[in-house]
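Trainee: give me coordinates for this.
(chains A and B)
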Amino acid sequence: MDDKKITFLEKQANAIRITLIEALVEAGSGHTAGPLSMADIFTYLYFHELRHDPKNPEWPERDRLVLSNGHICPVLYATMCHAGYASVDEYKKTLRKFGTKFQGHPHREYFPALETSSGPLGSGLSQATGMALAERIDAGRSYKKWIYALLSDGEMDCGNTWEGGMLAGKEKLGNLIAIIDRNNIQIDGFTEDIMPLEPLSDKWRAWNWHVIEVNGHDFADIHRAVGEAKAEFDKPSVIIANTIPGKGVPDFERKFEWHGKPPNKEEGAMALKVLHELGQKLQ
Amino acid sequence: MINHAVKLNPKIWDKDVEQVPIRKGFGEGLLAAGEADGRVVGLCADLTESTQMHLFAKKFPNRFIEMGVAEQNLVTVASGMAAMGKIPFCSSYAMFSPGRNWEQIRTTICYNDRPVKIAGSHAGVSVGPDGGTHQAIEDIALMRVLPNMCVLSPCDSIEAKKATLAAAKTKTPTYIRLAREKTPVITTADTPFEIGKAEVFYKSKSSPSPLLYKGGGKGVDFLVEKRVGIIATGALVHKAILAAHELEKEGIATTVLNLSTIKPLDERSIIELAKECGCIVTVEEHQIAGGMGSAIAEVLARTVPVPVEFVGVRDRFGQSGRPDEIVEHYGMGVSAIKIAARNLLGRL
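Mentor: Residues are numbered from 1 along each chain as shown, chains lettered A, B, ... in the order given. Purely as a prediction, here's the structure:
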């Protein structure tokens, strides 16, 4: 991945952060920290890695991306809109409003381009595991489609996540790549205070997963990790992406208080000013 | 007398009528569905033989996934497979699936509208010696409240096979309720089965003295014969027919409807029966609260508000014992159905 591509992705991620802040301010409710921490990974996947066609969302040969922690959908929607699945303007005006495609948590009935509905935590890894199993039944181990499961660290508390992890390890699903947003916060506080997850890598290794840790804001690092995951044949891979909650807006960073609330108008204006200044520097 | 049009088993009255567990029909149906359609896959949570999925697993090992004791995973993995075009059947005991994994069924299957088929075996108190922890008597309520979900409750093994084959052909999330114990085979291969359609299995001769039924009070009084409509589901359909036969000897005429689809409900047949009889007994091996009887009462309350008696479990948990003994103890045997019918006529 060359510098030109990295700069392109950084600009896209910055534009996506700006869009999701604008949408959250207009919505008046929603989650801020997680969407900002995952903006780089979503940008990387939708603008570089995924085999997909925004003009033909039901293309059967596409890769699948399952967002398990549905509450960070502001970044999913913003990225999909920038990629061409829907109108950026419509998203900014209607997030969380009556009749919108962009429901408070993802709902396929309203936005069929989504791979799944989500919100209640802990069920995404299992659905992605099911998709990977279906692909193995169809294609044997000469996989054509990659299945990505995007998880939060907080939902590692859920037993359902553990069940999915054990099954994927047992079934040796080399076409399954989980990416964990390791931002260390959940609603009630820091993850290691609420329900310690460390040693996190060891948990996944114990289920026979291939484990890779990356800086979730470094495109070259993310690219290397996804390449490594795809080269692993006999195991599913998990990329533990160390991220900064609220990334991009220093006043929001590393504060669990920003997990579940949107910026008000003044906070939004301040955040957008910071992000626009960063955008200028990327030109 | 038996409704000959539905071609029931002629040995229905024999003491040695063949008895087969309802779950066995599911196993045979799934095997046949798997042979007919390569998209059918099977998932089981460590109860493969007990839920009769072993027949499918042996024939199609590449399309069978052993999940271990993980019911939340069972249905969420199935949802993911359905998203890729598969037709997944998940089996476990009803107490664990849908008992343990209700939210996952709601969000990943019904909310997503994925064609996952959930087979809940060992439903009802007739599970017997295993005791109350293993006797699902809340599952109909849990499943029928979910939008998009279809709820099937076959009355014997032959109907269970037909229900399984029919479920494999729909794009609808579907719950199939199965029982553990050997159950009299009352239908035949020729008995009609259609999802969403109830069938009259028994209709006794009319009794000589009609009654005036005081209806909703707004001039809807109507003359009815002295007849009780009995709507039954699952393994208790056989007992409902036996009760009807005995009531006929007492001079109480009945019409027995086999309600094998609890959702979508065959409202037309239920309303017709209520108009014909003027009173209804509902019979199910389930809590009265929220079950099939409740679903019927919801229809009748807004259409033909006739008196209803509910035969089912009255807000209690089950316990160990012989299946018939427990069914009797919790008030769902032949005598309980007869008492409910007599009570109704007393209310008219």
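
Trainee: all strands of the stretch 1-150 of chain A, in order?
Mentor: Assigned by DSSP state E, counting those that start in this stretch, the strands in the stretch 1-150 of chain A fall at A:64-67, A:147-152.

Trainee: packing partners of the helix or strand just after the longest one?
Mentor: What that stands for is strand A:147-152. Remark: after strand A:147-152, the chain's next helix or strand is helix A:159-170, criterion DSSP states H and E. Packing partners of helix A:159-170 (3 or more Cβ pairs under 8 Å, 6 or more residues apart in numbering or on different chains; DSSP states H and E): helix A:124-139, helix B:71-83. For every residue, glycine as well, the C-beta is placed using N, CA and C.

Trainee: just checking, what packs against the helix or strand following the shortest one?
Mentor: Counting by DSSP H and E, the next helix or strand C-terminal to helix B:71-83 is strand B:87-93. Strand B:87-93 sits against helix B:22-36, strand B:40-44, helix B:71-83, strand B:117-121, helix B:157-168, with contacts defined as 3+ Cβ pairs under 8 Å, 6+ apart.

Trainee: 7 Å instead?
Mentor: Contacts defined by 3 or more Cβ pairs under 7 Å, 6 or more residues apart in numbering or on different chains; DSSP states H and E place strand B:87-93 against strand B:40-44, helix B:71-83, strand B:117-121.

Trainee: and residue 100, its phi and psi?
Mentor: Assuming you mean chain A. In terms of degrees, to the nearest 10, the main-chain angles of A:T100 are phi -70, psi 150.

Trainee: so it is in contact with A:T94, correct?
Mentor: Yes. If you go by Cβ atoms under 7 Å, A:T100 and A:T94 touch, sitting 4.0 Å apart.

Trainee: quick one, what contacts the residue in chain B that chain A sits nearest to?
Mentor: Residue of chain B nearest chain A, by Cβ to the nearest Cβ: B:G80 (2.4 Å). B:G80 sits next to A:126-131 when contact means Cβ atoms under 7 Å, 6 or more residues apart in numbering or on different chains.

Trainee: same list (these) but as CSV, adding distance to chain B, neighbour count and pLDDT.
Mentor: Shown next, in CSV, are the contacts of B:G80 (distance: Cβ to the nearest Cβ, whole Å; neighbours: other Cβ atoms under 10 Å in any protein chain shown; pLDDT from 0 to 100):
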residue, distance to chain B, neighbour count, pLDDT
A:S126, 3, 32, 98
A:Q127, 4, 33, 98
A:A128, 6, 34, 98
A:T129, 5, 31, 98
A:G130, 2, 34, 98
A:M131, 4, 31, 98
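
Trainee: now do the helices in chain B.
Mentor: For chain B, the helices defined by DSSP state H occupy B:22-36, B:54-59, B:71-83, B:102-104, B:139-144, B:157-168, B:237-249, B:267-277, B:292-302, B:323-329, B:334-347.

Trainee: swap in the stretch 151-283 of chain A?
Mentor: Along the stretch 151-283 of chain A, the segments classed as helices by DSSP state H, counting those that start in this stretch run A:159-170, A:191-194, A:200-206, A:219-231, A:265-282.

Trainee: where does the chain have low pLDDT?
Mentor: Since you didn't name a chain, this refers to chain A. Applying pLDDT under 70 to chain A flags no residue at all.

Trainee: ah, I was thinking of chain B
Mentor: B:207-225.

Trainee: who in chain B is up against chain A?
Mentor: Contacts of chain B with chain A, taken as Cβ under 7 Å from any Cβ of the partner chain, map to B:41, B:62-63, B:65, B:67, B:70, B:72-73, B:76-81, B:83-84, B:86, B:103-104, B:107-108, B:111-112.

Trainee: are any of those residues buried, and which?
Mentor: B:41, B:63, B:65, B:67, B:70, B:72-73, B:76-81, B:83-84, B:86, B:104, B:107-108, B:111-112 (16 or more other Cβ atoms under 10 Å in any protein chain shown).

Trainee: need the winner for burial among the helices of the stretch 151-283 of chain A.
Mentor: Comparing those by mean neighbour count (mean count of other Cβ atoms under 10 Å in any protein chain shown), helix A:159-170 ranks first with a mean of 23.

Trainee: residue contacts, A:L45?
Mentor: Taking Cβ under 7 Å, 6+ apart as the test, what A:L45 contacts is A:65, A:148.

Trainee: related to what we said a few turns ago, closest to A:K11 out of the helices of the stretch 151-283 of chain A?
Mentor: helix A:265-282 (5.0 Å; Cβ to Cβ).

Trainee: other SSEs contacting the closest one?
Mentor: Partner elements for helix A:265-282 (3+ Cβ pairs under 7 Å, 6+ apart): helix A:3-27.

Trainee: contacts for the helix it packs on, please.
Mentor: Contact with helix A:3-27 is made by A:30, A:32, A:35-36, A:39-40, A:42-44, A:47-48, A:74-75, A:78-79, A:82, A:88, A:91-93, A:95-96, A:219-220, A:248, A:262-263, A:265, A:268, A:271-272, A:275-276, A:278-279, A:282, as judged by Cβ under 7 Å, 6+ apart.

Trainee: swap the cut-off to 6 Å and go again
Mentor: Helix A:3-27 has contacts (Cβ atoms under 6 Å, 6 or more residues apart in numbering or on different chains) with A:30, A:35, A:39-40, A:43, A:47, A:74-75, A:78-79, A:82, A:88, A:91-92, A:95-96, A:219, A:248, A:262-263, A:268, A:271-272, A:275, A:278-279, A:282.
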